[in-house]
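Chemist: Next comes the sequence, and after it the predicted model I'd like to discuss.
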Amino acid sequence: MSELEALRREIEEIDREILSLIDRRIELAGEVLESKKTSGCPILDPEQNQVVIDRAVNAATELNLDLGGIKAIFEILIKMSIERQEELSGRGRFP
């Protein structure tokens, strides 16, 4: 196996880990929904969404990562979580 192939396999492994973590994060959205229901909180929480984005951007700054890219990734993750919560509450766009 060439060095390039080995590096690509390592990237593939990391990609699988990232996908697994995304899956875990989306699963937690269901638990978050239940907690929101119990406490009477709405699904949409712009203040908390901003806290998550700020936390990610701050961590990205420490790691010297592209802030715009990280912000976009976390906006997508938040959107996916909201969609999952809406789906579980019966208000989603998905069957």
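Modeler: Sure thing, it's come through.
Chemist: Now name the helix or strand holding the residue nearest to the spatial centre of the chain.
Modeler: The centre of the chain sits closest to residue 77, judged by Cα atoms, centre = their mean, with a distance of 3.0 Å. Assigned by DSSP states H and E, residue 77 falls within helix 67-88.
Chemist: ok, now residue 20?
Modeler: For residue 20, the host element (DSSP H and E) is helix 3-39.
Chemist: Taking helix 67-88 as reference, get the angle to that helix.
Modeler: 50 degrees (axes from the mean of the first three to the mean of the last three Cα atoms, to 10 degrees).
Chemist: Can you mark which positions in helix 3-39 are buried?
Modeler: 29, 32, 33, 36 (16 or more other Cβ atoms under 10 Å). For the C-beta atoms, the positions are set from N, CA and C on the backbone; glycine is no exception.
Chemist: Same check on stretch 42-57?
Modeler: Of the residues in stretch 42-57, those buried (16+ other Cβ under 10 Å) are 43, 49, 53, 56, 57.
Chemist: Okay, and which of these map to helices?
Modeler: Counting by DSSP state H, these place 49, 53, 56, 57 in helices.
Chemist: Thought residue 79 was touching the first one, still the case?
Modeler: No - counting by Cβ atoms under 8 Å, no contact exists between residue 49 and residue 79, whose distance comes to 9.3 Å.
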